[in-house]
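Colleague: could you work out the structure for the sequence below:
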Amino acid sequence: MGQLRNAKIHVEKAVKQKKIFMIQGRYPVIRGLLRWRGWVEKKMVHRAGAALLPLQKDNSVVGDSDTTEDEDEEEDETLQPPQLMDGFLELNDLDGTHALMSRMVRNETPYLIWTTRRDMMDCRFLAKDQMINHYARAGSFTTKVGLCLNLRNLQWFDEADADSFFPRCYRLGAEDDKKAFIEDFWLTAARNVLKLVVKLEWKSYSVQAEGKEATGDKQPKQEKKPMSVSPEFVDEALCACEEYLSNLAHTDIDKDVEAPLYLSPEGWALFLRRYYQVVHEGAELKYLDTQVQRCEDILQQLRAVVPQIDMEGDRNIWIVKPGAKSRGRGIMCMDHLEEMLKLVDYNPMVVKDGKWVVQKYIERPLLIFGTKFDLRQWFLVTDWNPLTVWFYRDSYIRFSTQLFSLKNLDNSVHLCNNSIQKHLENSSHRDPMLPLDNMWSSQKFQAHLRAMGAPDAWSTVIVPGMKAAVIHALQTSQDTVQDRKASFELYGADFVFGEDFQPWLIEINASPTMAPSTPVTAQLCAGVQADTLRVVIDRRLDRTCDTGAFELIYKQPAVEVPQYVGIRLLVEGSTIKKPLTMYHRRMGVHPAFPRLLTQQGSGEGKDSGTPTHRSASRKVGRARSRGTWKGQPSLPLLRCPERGRMASRKEPQPCLPPALSRPDHLCI
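Modeller: Residues are numbered from 1 along each chain as shown. This next block holds a predicted model:
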């Protein structure tokens with residue numbers, strides 16, 4: 001009886017304080033921390049007419065049906081956080097108290113709803129004070145297609161260039177994007193030829209230097225000479241890059257629109273075949289000494305206008321992704337244009353859906369002991385108007401199981417998703433300093449940066465770059481996301497770093513996995529969930545409370561949204577007197593202005609300066625300035641024989657009666 005009485009008292013208090021929550025999915029940390037705060041769980045039911053209200057599928061680019069979610073389906077609930085309170089509020093429900101209280105609140109309204117997917121609950125049926133951990137229509141930045149499209153509009157929101165933090169990206173199913181991608185692939189190949197010339201020249205210098213230092217008369221082995229490509233190939237690459245720079249500088253503004261490019265599509269096809277021979281088949285690249293300096297000069301100019309020229313390498317590798325899948329599913333690395341276009345040409349579903357994207361692969365990433373890695377960074381959005389963003393201080397990096405190589409395009413080398421790497425064995429050639437579970441915390445990563453001689457890279461380059469990328473991605477999506485004041489959402493952004501420590505945003509995931517798959521994630525995922533509740537629950541009651549590792553990095557000034565009042569139209573103001581009477585309009589009479597009469601030398605022009613006539617002329621002038629006479633045809637003027645005034649030639653004009661000769665009627 002004591003257990004039942006205590007449960008009833010606790011339920012009554014929770015109902016009064018609106019502390020009823022509902023969870024869908026495996027979130028033991030959230031469930032335990034809410035119970036510790038005095039909340040009571042209402043079990044989520046799935047029968048018809050219950051709280052679950054599935055949404056209609058929205059297949060638009062900014063919809064939610066294709067939102068990238070990496071919630072791990074194999075999430076383990078073995079994580080046991082410490083007991084936060086004693087008695088019946090323990091995390092473990094050994095005596096069935098929580099089940100009993102859940103039954104007591106089965107008909108109560110939940111005021112906090114935590115779900116794995118946003119479409120598990122229709123926000124339109126929620127009260128204003130019901131919190132939910134998702135926003136509607138967030139696909140504008142949580143899908144690869146949405147992020148690709150929206151970041152193109154960044155210049156309208158901020159003075160920043162998306163190409164400085166987001167690798168170039170195109171939709172293969174959209175015809176305009178497909179053409180732009182083909183042109184980008186061509187120009188990237190041309191830039192790579194220039195890089196190869198400079199690289200080979202520097203390599204020849206080093207070989208000559210080593211040869212001078214070498215001793216002995218040992219003859220090198222005679223090897224079979226590979227096929228070679230003529231210097232004209234380098235000239236084509238130089239001219240293509242010069243033409244690109246000319247277009248950017250608008251020096252071609254007087255050029256005929258129909259004028260052909262330096263290389264036609266057929267010429268580019270031949271160019272690519274030679275490029276493949278040099279890059280992939282080992283053909284010798286022949287070049288002239290005069291071309292080397294020219295290549296260096298043009299590369300220097302390109303570096304000022306192509307922010308990604310250093311990270312893109314020289315092998316023209318692109319990564320093809322399904323537009324809305326996560327955990328590395330369906331991703332392929334390719335380096336031949338024809339293979340990538342086959343996805344469109346031989347798969348009509350790609351064209352129909354338009355959800356496949358191709359993105360420039362980062363060929364020169366920052367490596368740790370010769371192995372590629374990426375970083376998962378959490379951030380929290382608590383409002384969209386004003387946009388309010390919280391950045392989590394802690395993060396973790398994920399390693400590949402294989403050594404990095406651009407000659408091996410297998411996903412095991414280039415994708416660091418834990419869902420892929422956990423099924424693979426670590427390469428025996430990896431450095432023993434790498435962790436067996438392929439994860440480091442951000443603190444361990446910072447220690448490695450200090451050891452490699454870059455102690456300030458984290459605080460001066462990496463973190464500021466990640467914050468800016470997150471803010472810019474949200475700015476471009478602010479108008480498409482459905483704002484709801486009682487909602488919030490935790491996101492996970494994935495970054496890869498260049499050799500200069502520059503962070504490159506790869507994607508943003510909704511519902512980031514909270515599975516304690518390794519000791520690193522067991523600690524960090526529990527921490528980010530606890531701190532999320534501090535921000536969205538505790539801070540509502542105490543604005544000065546501790547927010548844990550969350551830092552408020554961005555908050556816009558609030559923008560007042562005018563209340564919708566329907567289609568009713570109200571025009572305020574005063575009416576303008578018509579300068580002509582109905583009689584004048586019937587007679588087709590048009591006004592003449594005193595200044596025109598004076599210029600015509602009329603004998604009455606001097607009299608037009610009388611006070612009455614001046615006041616009349618001011619009335620006409622005001623009417624004319626208000627647009628009353630706009631659009632009136634300009635007609636020749638005639639002199640009325642009786643009045644000595646000017647009249648327009650339209651019809652034979654009768655003399656006006658004396659009754660209408662008052663200044664207010666402006667006899668013409």
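
Colleague: for stretch 547-564, C-alpha coordinates in CSV please.
Modeller: Only the C-alpha atoms of stretch 547-564 are listed here, as CSV (Å, rounded to 0.1, in the frame of the first residue of the first chain):
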residue,chain,number,x,y,z
THR,A,547,24.3,24.2,-19.6
GLY,A,548,27.1,21.7,-19.4
ALA,A,549,29.3,21.5,-22.5
PHE,A,550,26.8,23.5,-24.7
GLU,A,551,27.9,26.9,-25.7
LEU,A,552,25.5,29.5,-27.2
ILE,A,553,27.2,30.5,-30.5
TYR,A,554,24.5,32.3,-32.4
LYS,A,555,21.2,34.1,-31.7
GLN,A,556,19.6,36.4,-34.2
PRO,A,557,17.6,39.5,-33.3
ALA,A,558,13.9,38.5,-33.1
VAL,A,559,11.9,39.3,-36.2
GLU,A,560,8.3,40.1,-35.6
VAL,A,561,6.0,38.1,-37.8
PRO,A,562,2.8,40.1,-38.7
GLN,A,563,-0.4,38.4,-37.8
TYR,A,564,-2.3,37.1,-40.8
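
Colleague: and residue 160, that one's in a strand?
Modeller: No: if the criterion is DSSP: H, G, I helix; E, B strand; the rest coil, then residue 160 is coil and not within a strand.

Colleague: give me the next element, helix or strand, following the longest helix seen in the chain.
Modeller: Criterion DSSP state H: the longest helix present in the chain is helix 175-213. Scanning forward in sequence from helix 175-213 by DSSP states H and E, the next helix or strand is strand 228-229.

Colleague: buried ones in the next helix or strand after that following strand?
Modeller: Scanning forward in sequence from strand 228-229 by DSSP H and E, the next helix or strand is helix 231-248. Neighbour counts over helix 231-248 (16 or more other CB atoms under 10 Å) mark 233, 234, 236, 237, 238, 240, 241, 243, 244 as buried. Bear in mind the C-beta positions are built from the backbone N, C-alpha and C, glycine included.

Colleague: with stretch 390-405 instead?
Modeller: Result for stretch 390-405 [16+ other CB under 10 Å]: buried residues 390-392, 394-404.

Colleague: try stretch 279-299
Modeller: Here stretch 279-299 shows 279, 283, 285, 286, 287, 291, 292, 294, 295, 298, 299 as buried, counting by 16+ other CB under 10 Å.

Colleague: format the residues you listed as JSON lines; extra columns: secondary structure.
Modeller: Below are the buried residues of stretch 279-299 laid out as JSON lines (three-state DSSP):
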{"residue": "279", "secondary structure": "helix"}
{"residue": "283", "secondary structure": "coil"}
{"residue": "285", "secondary structure": "strand"}
{"residue": "286", "secondary structure": "coil"}
{"residue": "287", "secondary structure": "coil"}
{"residue": "291", "secondary structure": "helix"}
{"residue": "292", "secondary structure": "helix"}
{"residue": "294", "secondary structure": "helix"}
{"residue": "295", "secondary structure": "helix"}
{"residue": "298", "secondary structure": "helix"}
{"residue": "299", "secondary structure": "helix"}
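
Colleague: could you single out the nearest of those residues to residue 99?
Modeller: residue 279 (64.3 Å; CB to CB).

Colleague: quick check: the closest one touching residue 315?
Modeller: Yes: using CB atoms under 8 Å as the test, residue 279 is close enough to residue 315 to be in contact (5.7 Å).

Colleague: and for those two, which residues touch both?
Modeller: Common contacts of residue 279 and residue 315 (CB atoms under 8 Å, 6 or more residues apart in numbering): 192, 335.

Colleague: give me the neighbour count for residue 533.
Modeller: 20 (other CB atoms under 10 Å).

Colleague: what about it, which SS state?
Modeller: With three-state DSSP as the criterion, residue 533 reads helix.

Colleague: give the contact list for it.
Modeller: By CB under 8 Å, 6+ apart, the neighbours of residue 533 are 30, 33, 34, 37.

Colleague: what separation do you get for it and residue 522?
Modeller: According to CB to CB, to the nearest Å, residue 533 stands 18 Å off from residue 522.

Colleague: likewise residue 431?
Modeller: 25 Å.

Colleague: who's more crowded, those two?
Modeller: A direct count of neighbours by other CB under 10 Å for residue 431 and residue 522 places residue 522 higher, at 18 against 11.

Colleague: which non-adjacent residue is nearest that one?
Modeller: Nearest residue to residue 522, sequence neighbours excluded (CB to CB, 6 or more residues apart in numbering): residue 516, at 3.4 Å.

Colleague: isn't there a strand covering the one you found?
Modeller: No: using three-state DSSP, the secondary structure at residue 516 is coil, not a strand.

Colleague: of the buried residues of helix 231-248, which is the nearest to residue 152?
Modeller: Once CB to CB is applied, the member of the buried residues of helix 231-248 that ends up nearest residue 152 is residue 244, at 19.1 Å.

Colleague: show me the contacts for the closest one.
Modeller: 187, 190, 302 are the contacts of residue 244 under CB under 8 Å, 6+ apart.

Colleague: which one of those residues has the most neighbours?
Modeller: residue 190 (26 neighbours).

Colleague: roughly how far apart are residue 200 and residue 274?
Modeller: Distance from residue 200 to residue 274, by CB to CB: 15 Å.

Colleague: if you count surrounding residues, which of the two has more?
Modeller: residue 274 (19 against 15).

Colleague: assign that one to helix, strand or coil.
Modeller: helix.

Colleague: swap in residue 170?
Modeller: With three-state DSSP as the criterion, residue 170 reads strand.

Colleague: burial of it, as a residue count?
Modeller: By other CB under 10 Å, neighbour count at residue 170 equals 22.

Colleague: quick one: it and residue 184 touch, right?
Modeller: Yes: between residue 170 and residue 184 there is a contact under CB under 8 Å: 7.3 Å.

Colleague: least confident secondary structure element in the chain?
Modeller: helix 594-599 (a mean of 43; mean pLDDT, DSSP states H and E).

Colleague: okay, the residue lying closest to residue 167 once chain neighbours are set aside: pLDDT?
Modeller: Leaving aside its sequence neighbours, residue 167 sits nearest to residue 360 (CB to CB, 6+ apart; 4.4 Å). Listed pLDDT for residue 360 reads 98.

Colleague: which residues of the stretch 1-150 of the chain fall in helices?
Modeller: For the stretch 1-150 of the chain, the helices defined by DSSP state H, counting those that start in this stretch cover 2-16, 28-36, 97-104, 139-142, 144-150.

Colleague: turn the buried residues of helix 231-248 into TSV, columns for distance to residue 372 and pLDDT.
Modeller: TSV is the format used below for these (distance: CB to CB, whole Å; pLDDT from 0 to 100):
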residue	distance to residue 372	pLDDT
233	32	96
234	31	96
236	33	96
237	29	96
238	33	96
240	31	95
241	29	96
243	35	93
244	30	94
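
Colleague: now, which of these sits nearest residue 7?
Modeller: Nearest to residue 7 among these: residue 244, at 72.7 Å, using CB to CB.

Colleague: coming back round to it: now, which of the contacts of residue 533 sits nearest residue 478?
Modeller: residue 30 (27.1 Å).

Colleague: and the strand ranked longest in the chain, what's its mean pLDDT?
Modeller: Determined from DSSP state E, the single longest strand within the chain is strand 373-384. Averaged over strand 373-384, pLDDT sits at 98.

Colleague: so where do the strands sit in the stretch 351-500 of the chain?
Modeller: For the stretch 351-500 of the chain, applying DSSP state E, counting those that start in this stretch gives strands covering 356-360, 373-384, 387-392, 396-399, 439-441, 489-497.

Colleague: export the ones you listed to TSV and tack on distance to residue 103?
Modeller: Shown next, in TSV, are those (distance: least, CB to CB, whole Å):
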stretch	distance to residue 103
strand 356-360	48
strand 373-384	33
strand 387-392	36
strand 396-399	39
strand 439-441	40
strand 489-497	30
